[in-house]
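Chemist: what follows is a predicted protein model with its sequence.
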Amino acid sequence: MDSIANFRDLGGIRTAEGCIKKKQLLRSGELVEISKPDRAKLIDEFELRLIIDFRDESEISKRPDVIMECIEYCNIDIMENIEETTTNLEKITKDFNMIIAEEGMKDIYTKITLDKYARLGYNRFIHKLVEHEKGAALFHCFAGKDRTGIGAAILLTILGVNKNDIFEDYLLTNAMRKTFNVKLIQEARRDGLSEQQLAGLETLYTVKESFLHSMYTAIYDKYGTFENYIKNGLMVSPSIIEKLRRKYVE
């Protein structure tokens, strides 16, 4: 997908009981300025029928998803109750750097993991995938790496994917966003940001194992196990887990 950043099919990833079905679960960055060939590929090859957008209202108003016929659109604002500070690109200070960016990202992952409204959002995400009847479902945020990355980790865990494979999918973002990130850094350099600030920006635009580890640490500290987080934090029942696995694992 030349015009869609960080796009990939989760199909083929092994689970404890088989493999995730291909062309059913897709993840990506924002769906703006999609080329005609990519739009046709989504509709015809992947049979895309559901888009789940994790962005907030301000992001959507500035850069709305491309509307495609016969595709249901669902907005679930994961960060509805979370205020960004360090990771807000519009509030970068002159002393902003790579260390500040990394600590900010780890803090955001912790907040998203534990926040009540974010947990309700991911609960709705899982139920939406269960209720979805036909064709592929695609979920995304702005870059397709943080809100989407946590969502993918939750989904893959529920489907029975092991932790190492979850990290492997998560880290694919750095390769999948490389071209887009270079362009963003070049634009920031032209806007006059210092090399120190640019290094911090690059950290925000990529993913690191430490970011996702922050999610796991928050879960283990509060809930003991990921299974308890799914049951008591996300309020996803065993029957929903079973339905999800029957639907997406072969």
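Modeler: Everything's here; your move.

Chemist: pLDDT below threshold where in the protein?
Modeler: 85-91 (pLDDT under 70).

Chemist: now the strands for it?
Modeler: 8-9, 25-28, 48-53, 72-75, 136-140 (DSSP state E).

Chemist: so for K94, which of those strands sits nearest?
Modeler: strand 136-140 (32.1 Å; Cβ to Cβ). Every residue, glycine included, has its C-beta placed from N, CA and C.

Chemist: what sits up against that closest one?
Modeler: Outside strand 136-140, the residues that touch it by Cβ atoms under 8 Å, 6 or more residues apart in numbering are 23-31, 42, 46-55, 125, 128-129, 148, 151-152.

Chemist: which residue is nearest the centroid of this protein?
Modeler: For the chain, the residue nearest the mean C-alpha position is T148 (0.8 Å; Cα atoms, centre = their mean).

Chemist: residues touching the closest residue to that residue other than its chain neighbours, list them.
Modeler: Distances taken as Cβ to Cβ, 6 or more residues apart in numbering place C141 nearest to T148, at 4.8 Å, with adjacent residues excluded. Contacts for C141 (Cβ under 8 Å, 6+ apart) come out as 29-30, 53-55, 78, 147-148.

Chemist: closest one of those residues to R246?
Modeler: T148 (24.0 Å).

Chemist: pull the contacting residues for the closest one.
Modeler: With Cβ under 8 Å, 6+ apart, T148 has these contacts: 6, 27-29, 54, 139-141.

Chemist: now the buried members of the residues you listed.
Modeler: Neighbour-count burial (16 or more other Cβ atoms under 10 Å) is assigned, among these, to 6, 27-29, 54, 139-141.

Chemist: residue ranges for the helices of the chain, please.
Modeler: 36-40, 57-62, 98-114, 116-131, 147-158, 163-171, 173-176, 178-190, 195-205, 209-223, 226-228, 238-248 (DSSP state H).

Chemist: go through these and name the closest to E17.
Modeler: Going by Cβ to Cβ, the one of the helices of the chain nearest E17 is helix 238-248, 7.0 Å.

Chemist: deepest in the core, which of the helices of the chain is it.
Modeler: Comparing the helices of the chain by mean neighbour count (mean count of other Cβ atoms under 10 Å), helix 147-158 ranks first with a mean of 23.

Chemist: hang on, the earlier thing: TSV for the contacts of C141, including distance to C70?
Modeler: What follows is these, written out as TSV (distance: Cβ to Cβ, whole Å):
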residue	distance to C70
G29	22
E30	20
D53	17
F54	22
R55	22
I78	26
R147	26
T148	23
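
Chemist: S210 contacts Y109, doesn't it?
Modeler: No. Checked against Cβ atoms under 8 Å, the pair S210 and Y109 is beyond contact range at 9.1 Å.
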